[in-house]
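Student: Next comes the sequence, and after it the predicted model I'd like to discuss.
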Protein chains: 2
Amino acid sequence: MSPKIEKKDKILDAAEALFAYHGYDGVTMRKIASEAGVDLALAGYHFGKKMDVFEAVFQRRAGELNRTRLEALQKVQAEAGKSGPTIEKIIEAFLLPLEIAQESPDPGWKNYLALIAYVNNSAVWGEKLMSSTFDALVLEFLAAIKKAMPDADEEKIYWCYHNLSGALTLTLAQTGRIDRLSNNKCHSSDFQTAYGIMIPFVAAGFKEACKG
Amino acid sequence: MSPKIEKKDKILDAAEALFAYHGYDGVTMRKIASEAGVDLALAGYHFGKKMDVFEAVFQRRAGELNRTRLEALQKVQAEAGKSGPTIEKIIEAFLLPLEIAQESPDPGWKNYLALIAYVNNSAVWGEKLMSSTFDALVLEFLAAIKKAMPDADEEKIYWCYHNLSGALTLTLAQTGRIDRLSNNKCHSSDFQTAYGIMIPFVAAGFKEACKG
DNA sequence: GTCTATACCGTGATAGAC
DNA sequence: GTCTATCACGGTATAGAC
């Protein structure tokens, strides 16, 4: 019983890493195959066209991610009881499953979340993949936020979520820019610090910007 | 004297729009030339290789953008006098020049800022272009923020800027996701609302997250 | 059913002739 | 400035090995 990884999974792993870093058009089927150590035609055999490989990569971890985040939301809701959780707790439930994934021993998660950053910032891909895969979950979180801020204007809540989504996305993208900007005092790879600051930052932003 | 636009500029305009939407690898020299209505070889004649076209597009408006934003910062500093401007005013000076550019009659600005979103979210391009072109200006703003929050931890200020940068980037990217998420109550193209909410959101975030 | 070798044919960047 | 040739690369299909 060897710890054999299916070639099919190796293809997805390689494609995940490459797409995350180079984007769809910056990757070739040949690079994916060679990185995965398999024959060029095998990706086509398993998945079909290049676009199908991309979608297979995108969908592979989406279900688990949605489930984990929903559970985190339900947990803080159960703990809070009838009055419902605070904004801080809701934001935390939204973000911490990502931190856990990024720090998991499977490095594929880090690549996957960087891929999400790529998709979320792209007008081309956003519609096709991002909204259909994640918006149902996001609406659950927004419903919780509305309950925690009953006087807030709905439109403002969407825009505040947009700000959260952007801050998160840049974190997922792992660009290294903060390293250079801060003269190496901060590091893109330091997720713990990133989320530790993002949570109070975003919670305060929601509270202030949704006033009135 | 016709209002003749140089072919050279037409090439940059076409490349700007295409790169912003499709990314570097999603664009071909042929598409740029055909969109610009010029011969394929002309782009090479003027700019050299494809990569050089990309950099020419990126640099074309960078100087003006940096100048406008610096002037906006200096203006609020002059108005505030010795005590220095508030966080809100500094963030406003950082963002409003972008809103003005996006709403300018030259549609190229909107494309250019979407291109910046593409570059800023990419680990590949970030280092090569983003930091070298814009970090000097960003450090001016961060110095002003440090002065407005003398007790804040420096590292936290960088991370707060990271959050601002992400929220801004997603706005520049014009993905249309907020339209779908909000069931068309909000629109990616509604910059006025976007910045109107982003400014108090981010200012409150800085104040809260930099405490202690 | 899984995988490999290879061929096809279009497309693309670039250089050099004009 | 423009036209065209070159030559590499890329997506995909197919034939057949294990």
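Tutor: Great, that's in hand.

Student: and whichever residue of chain A sits closest to DNA strand C, how many neighbours?
Tutor: The minimum distance from chain A to DNA strand C, using CB to the nearest atom of the strand, falls at residue A:41 (3.0 Å). (C-beta placed from N, C-alpha, C; glycine too.) Neighbour count of residue A:41, defined by other CB atoms under 10 Å in any protein chain shown: 10.

Student: Secondary structure element holding it?
Tutor: Assessed by DSSP states H and E, residue A:41 sits inside helix A:40-47.

Student: That helix and DNA strand D in contact?
Tutor: Yes: counting by CB under 7 Å from any atom of the strand, contacts between helix A:40-47 and DNA strand D involve A:40, A:41, A:44, A:45.

Student: For the first one, which non-adjacent residue is closest in space?
Tutor: Translated: residue A:40. Once flanking residues are discounted, residue A:40 sits nearest to residue A:33: 4.5 Å by CB to CB, 6 or more residues apart in numbering or on different chains.

Student: repeat for the third one
Tutor: In space, not counting the residues next to it along the chain, residue A:44 is nearest to residue A:29; the distance is 7.2 Å by CB to CB, 6+ apart.

Student: Check which helices and strands the helix or strand bottoming out on mean pLDDT in chain A sits against.
Tutor: Least confident helix or strand, chain A: helix A:123-125 with a mean of 95, by mean pLDDT, DSSP states H and E. Judged by 3 or more CB pairs under 8 Å, 6 or more residues apart in numbering or on different chains; DSSP states H and E, the packing partners of helix A:123-125 are helix B:7-22.

Student: following the host helix or strand of residue A:74, which helix or strand comes up?
Tutor: Secondary structure from DSSP H and E places residue A:74 in helix A:62-80. As assigned by DSSP H and E, the chain's next helix or strand after helix A:62-80 is helix A:87-102.

Student: what about the next helix or strand after that next one and chain B, any contact?
Tutor: Using DSSP H and E, the helix or strand that follows helix A:87-102 in sequence is helix A:108-120. Yes: residues of helix A:108-120 contacting chain B under CB under 8 Å from any CB of the partner chain: A:114, A:117, A:118, A:120.

Student: Kindly reformat these as JSON lines and extend each row with pLDDT.
Tutor: Below are those laid out as JSON lines (pLDDT from 0 to 100):
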{"residue": "A:114", "pLDDT": "98"}
{"residue": "A:117", "pLDDT": "98"}
{"residue": "A:118", "pLDDT": "98"}
{"residue": "A:120", "pLDDT": "98"}
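
Student: between these, which is closest to residue A:179?
Tutor: residue A:114 (15.6 Å; CB to CB).

Student: Apart from its neighbours in sequence, what residue is nearest the closest one?
Tutor: Residue A:114's closest residue in space is residue A:20 (CB to CB, 6+ apart), at 4.0 Å.

Student: for residue A:73, same thing?
Tutor: In space, residue A:73 is closest to residue A:93, 4.7 Å off (CB to CB, 6+ apart).

Student: unless I'm mixing things up, the one you found is touching residue A:69, no?
Tutor: Yes: between residue A:93 and residue A:69 a contact is recorded at 7.0 Å, counting by CB atoms under 8 Å.

Student: Common neighbours of these two, please.
Tutor: Common neighbours of residue A:93 and residue A:69 are listed as residue A:141 (criterion: CB atoms under 8 Å, 6 or more residues apart in numbering or on different chains).

Student: Please identify the buried residues of the helix holding residue A:74?
Tutor: Buried residues in helix A:62-80, defined by neighbour count with 16 or more other CB atoms under 10 Å in any protein chain shown: A:62, A:65, A:66, A:68, A:69, A:70, A:72, A:73, A:76, A:77.

Student: still on that earlier bit, so among the residues of helix A:40-47 next to DNA strand D, which ones count as buried?
Tutor: Among those, none counts as buried by neighbour count (16+ other CB under 10 Å).

Student: Now flag whichever of these is closest to DNA strand D.
Tutor: The closest of these to DNA strand D turns out to be residue A:41 (CB to the nearest atom of the strand; 3.8 Å).

Student: show me what contacts that closest one?
Tutor: So residue A:41 contacts nothing (CB under 8 Å, 6+ apart).

Student: can you list the residues of chain A near DNA strand C?
Tutor: The interface of chain A toward DNA strand C, taken as CB under 7 Å from any atom of the strand, is made up of A:6, A:7, A:8, A:38, A:39, A:40, A:41, A:42, A:45, A:46.

Student: Need the max-distance pair from those.
Tutor: Maximum distance among the residues of chain A next to DNA strand C (CB to CB): 17.7 Å, for A:6 and A:40.
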